[in-house]
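**Q** kindly return the folded structure for what I paste below:
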Amino acid sequence: MNDTTQPTTAAAPPALVLDPSNPKEREMMVREREFAFMQREANALASADIIPAQFKGKISDCMIAMNMAARLNTDPLQVMQNLYVVHGRPAFSAAYMIALVNVSGIIKGRLRFEYNGEGETRSCYAIGTDAETGEDLIGTTIDMAMADAEGWSKKAGSKWKTMPEQMLAYRAASFWSRQYAPDATMGMHTKEEVEDLPEKEINPIPNAPESSTMEKLKEHVDKETGEVIEHQPQQVDDQPAPDVVKNEGPDLAID
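**A** Now for the predicted structure:
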């Protein structure tokens with residue numbers, strides 16, 4: 001006789017029912033609705049044609065940009081247009097960093113820049129007038145000697161060689177913003193700063209030689225598509241189980 005018994009499927013877990021009268025559960029309900037709304041908005045942004053290419057079709061990245069915009073009290077599209085990922089680290093453009101400081105209300109007017117010296121001794125520092133006290137907040141002096149010592153000007157294609165005036169101002173503004181207005185910029189670095197830093201200083205791998213680690217990672221990446229190759233377990237021939245070696249030592253009594 002044929003067995004006609006149909007396989008049974010596991011019953012779906014009961015839906016979680018939250019009690020609005022419970023403060024904690026009510027907060028969970030609000031957060032769930034906020035997340036759902038944020039996800040729909042991110043989906044709309046990710047499907048737009050005018051957003052930067054690195055955000056197209058990436059709902060999660062759009063949600064992160066929206067979160068940053070909320071913390072900065074600005075527009076998500078504005079953040080997306082000025083946010084870059086360098087060596088896996090998010091960074092703002094220097095011009096946007098200066099704009100955030102100028103509209104923050106922390107200073108009166110705009111951030112100003114003072115230049116001194118010529119050629120190899122050329123230097124620049126940023127000045128902002130405190131909106132509450134009227135005091136001039138003077139930032140770190142950035143000079144070409146520092147750019148050379150830190151290796152910023154020695155990289156191939158470095159803008160420090162072709163646009164030193166602009167780079168001095170950008171770096172001075174970045175230092176000033178982290179010193180006096182980190183709340184206005186979330187303490188972030190600029191795209192130009194991160195590009196000047198070696199990757200190992202941004203994303204260090206502790207207790208592992210960089211070269212060998214990177215080589216191992218490359219073995220799991222398709223060279224043509226750049227996609228990660230999932231690890232496939234090797235086939236192991238059936239082998240008889242090894243004999244269990246009994247411990248011949250004395251038994252230990254446990255009270």
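**Q** okay, now the domains of this protein?
**A** Structurally, the chain divides into domains by automatic domain parsing as follows: 21-81, 87-202.
**Q** report the mean confidence score over the last one.
**A** Right, domain 87-202. Average pLDDT, domain 87-202: 90.
**Q** ok so, going back, highest average neighbour count across the domains of the chain?
**A** Among those, domain 87-202 has the highest mean neighbour count (mean count of other C-beta atoms under 10 Å), at a mean of 17. Glycine gets a C-beta too; all of them are placed from N, C-alpha and C.
**Q** wait, what's in contact with S47?
**A** S47 makes contacts with K56, G57, as judged by C-beta atoms under 8 Å, 6 or more residues apart in numbering.
**Q** max-length helix in this structure?
**A** When the chain is parsed with DSSP state H, its longest helix is helix 23-46.
**Q** same for it, what does it pack against?
**A** helix 59-72, helix 76-82 (3 or more C-beta pairs under 8 Å, 6 or more residues apart in numbering; DSSP states H and E).
**Q** quick one: the longest one to helix 23-46, angle?
**A** For helix 59-72 against helix 23-46, the angle between stretch directions is 110 degrees (axes from the mean of the first three to the mean of the last three C-alpha atoms, to 10 degrees).
**Q** format the CA atom coordinates belonging to helix 59-72 as PDB.
**A** Backbone C-alpha positions of helix 59-72 (Å, rounded to 0.1, in the frame of the first residue of the first chain) are rendered in PDB as follows:
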ATOM      1  CA  ILE A  59      18.600  51.400  -0.300                       C
ATOM      2  CA  SER A  60      20.800  50.700   2.800                       C
ATOM      3  CA  ASP A  61      23.400  53.400   1.700                       C
ATOM      4  CA  CYS A  62      20.600  55.900   1.100                       C
ATOM      5  CA  MET A  63      19.200  55.200   4.600                       C
ATOM      6  CA  ILE A  64      22.600  55.900   6.100                       C
ATOM      7  CA  ALA A  65      22.800  59.200   4.200                       C
ATOM      8  CA  MET A  66      19.300  60.100   5.400                       C
ATOM      9  CA  ASN A  67      20.400  59.300   9.000                       C
ATOM     10  CA  MET A  68      23.400  61.600   8.600                       C
ATOM     11  CA  ALA A  69      21.200  64.300   7.100                       C
ATOM     12  CA  ALA A  70      18.900  64.100  10.100                       C
ATOM     13  CA  ARG A  71      21.700  64.500  12.600                       C
ATOM     14  CA  LEU A  72      23.100  67.500  10.600                       C
END
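**Q** show me the contact partners of that helix.
**A** 38-39, 41-43, 45-46, 51, 54-55, 75-76, 78-80, 83, 100, 184, 186.
**Q** how about a cut-off of 10 Å?
**A** Helix 59-72 has contacts (C-beta atoms under 10 Å, 6 or more residues apart in numbering) with 35, 38-48, 51-52, 54-56, 58, 74-83, 85, 90, 92, 100, 104, 183-186, 188.
**Q** what mean pLDDT does it get?
**A** Helix 59-72 comes out at a mean pLDDT of 90.
**Q** ditto for the last one
**A** The pLDDT scores in helix 76-82 average 90.
**Q** next secondary structure after that helix?
**A** strand 83-86 (DSSP states H and E).
**Q** sorry, back to before: as CSV, the helices and strands packed on helix 23-46 with distance to C124 would be great.
**A** Output for these, formatted as CSV (distance: least, C-beta to C-beta, whole Å):
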stretch, distance to C124
helix 59-72, 26
helix 76-82, 22
